[in-house]
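A.B. asks: from the sequence below, what's the structure:
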Amino acid sequence: MSTPVSFLPFLRIITICLLFFPLVTPTSAANPLNIVINEIAWMGTNNSPQDEWIELYNNLSFPTNISGWKLKSDDGTPEVILKGKIPAKGFFLLERTDETTLIDIKSDLIYKGSLNNNGERLRLFDSEGKIIDEINCSDDWFKGNNETKRTMERKDTLTSGENLENWQNSQDTGGTPKAKNSPGEKIKELDSRLSGEEIQVKETEDKEELAMINKQVPKPWNPFFTFLIALTIAIFSGIIVLILRKKDN
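C.D. replies: Down below sits the predicted model:
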């Protein structure tokens, strides 16, 4: 008479495998320019000079968790501890003091602390304290107009924020919160002269440059793969246990 098969060894093996292969997805390390400071309303709005806001942009093709990241100035005001996620190729809006800074647009985070109208050095740190983006406007803001309330916009999110030429005044008063930045007069003039073929080449080059950045970022580990690994180990281990028991019998 055959001995009844017990599933207890299988359950034990699966439990051990899951302990050694946790289902918690590790956080991938960030690289410079993964997330960038994209637009700054250091001058406030027409409603109030206190209505300052800052916009971040995610260059990556997948959502990025920025909880534990910091956006801070050298003088300590503002110093913002970030939380939440930025959508793939999406924006993250920080409004000063309360939600009424931009009435028609919902913020992703409210912060406290004013920006100096004479300039600030802003740095974006990941959760490990590594600098991901930096703008040194300590002597004066690169762009933006206090009288017309035109914001300081980044031209190219894949180019260093330390480059003065990579910034422009927003085309319209109030800027482009949570939306694509203004094309800029020089860029519009250049695009009008480019042929369709040249535009396509430029877009291809931009995609290749972004692809190089994406390759540097480890892809998040899929928990389902972890379960499959654990299950495979459990099955093979169970087969070995059964073979050994048959030999003993």
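A.B. asks: enumerate every residue touching Asn146.
C.D. replies: By Cβ atoms under 8 Å, 6 or more residues apart in numbering, the residues touching Asn146 are 43, 49, 117. C-beta coordinates here come from the backbone N, C-alpha and C atoms, glycine included.
A.B. asks: put the buried members of those residues into a PyMOL selection.
C.D. replies: To isolate the buried subset of those in PyMOL, counting by 16 or more other Cβ atoms under 10 Å, use the following:
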select buried, resi 43
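A.B. asks: so which of the contacts of Asn146 would you say is closest to Arg96?
C.D. replies: Pro49 (10.6 Å; Cβ to Cβ).
A.B. asks: and the residue nearest to the closest one when sequence neighbours are not counted, what does it touch?
C.D. replies: Excluding its sequence neighbours, the residue lying closest to Pro49 (Cβ to Cβ, 6 or more residues apart in numbering) is Met43, at 6.7 Å. Met43 makes contacts with 49, 52, 117, 144-146, 149, 151, as judged by Cβ under 8 Å, 6+ apart.
A.B. asks: check Ile235 too.
C.D. replies: Ile235 neighbours (Cβ under 8 Å, 6+ apart): none.
A.B. asks: just the helices in this protein please.
C.D. replies: Under the criterion DSSP state H, the chain contains helices at 8-20, 185-193, 196-216, 223-248.
A.B. asks: could you tell me the least trusted of those?
C.D. replies: The stretch with the lowest average pLDDT out of the helices of the chain is helix 185-193, scoring a mean of 48.
A.B. asks: most widely separated two among the contacts of Met43?
C.D. replies: With distances taken as Cβ to Cβ, the most widely separated pair in the contacts of Met43 is Glu52 and Asn145, at 14.3 Å.
A.B. asks: would you map out the domains in this protein?
C.D. replies: The record's domain parsing of the chain by automatic domain parsing lists 8-23+219-248, 35-182.
A.B. asks: which of those sits most buried?
C.D. replies: Most buried of the domains of the chain by mean neighbour count (mean count of other Cβ atoms under 10 Å) is domain 35-182; its value is a mean of 18.
A.B. asks: endpoints of that domain, how far apart?
C.D. replies: The stretch domain 35-182 measures 19 Å between its terminal residues, going by Cα to Cα, to the nearest Å.
A.B. asks: what is the mean pLDDT for it?
C.D. replies: Averaged over domain 35-182, pLDDT sits at 97.
A.B. asks: quick check, nearest of the contacts of Met43 to Asp126?
C.D. replies: Taking those together and measuring to Asp126 by Cβ to Cβ, the closest member is Glu52, at 23.5 Å.
A.B. asks: sorry, back to before: make a markdown table out of the contacts of Met43 and add distance to Ile132.
C.D. replies: Rendered in a markdown table, the data for the contacts of Met43 read as follows (distance: Cβ to Cβ, whole Å):
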| residue | distance to Ile132 |
| --- | --- |
| Pro49 | 29 |
| Glu52 | 21 |
| Asn117 | 26 |
| Gly144 | 22 |
| Asn145 | 28 |
| Asn146 | 28 |
| Lys149 | 28 |
| Thr151 | 21 |
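A.B. asks: of these, closest to Pro63?
C.D. replies: Within the set of the contacts of Met43, Thr151 lies nearest Pro63; the separation is 25.2 Å, counting by Cβ to Cβ.
A.B. asks: roughly how far apart are the closest one and Gly175?
C.D. replies: The gap separating Thr151 from Gly175 is 3 Å, by Cβ to Cβ, to the nearest Å.
A.B. asks: what's the overlap in contacts for the two?
C.D. replies: Listed contacts common to Thr151 and Gly175 are 39, 41; contacts here mean Cβ under 8 Å, 6+ apart.
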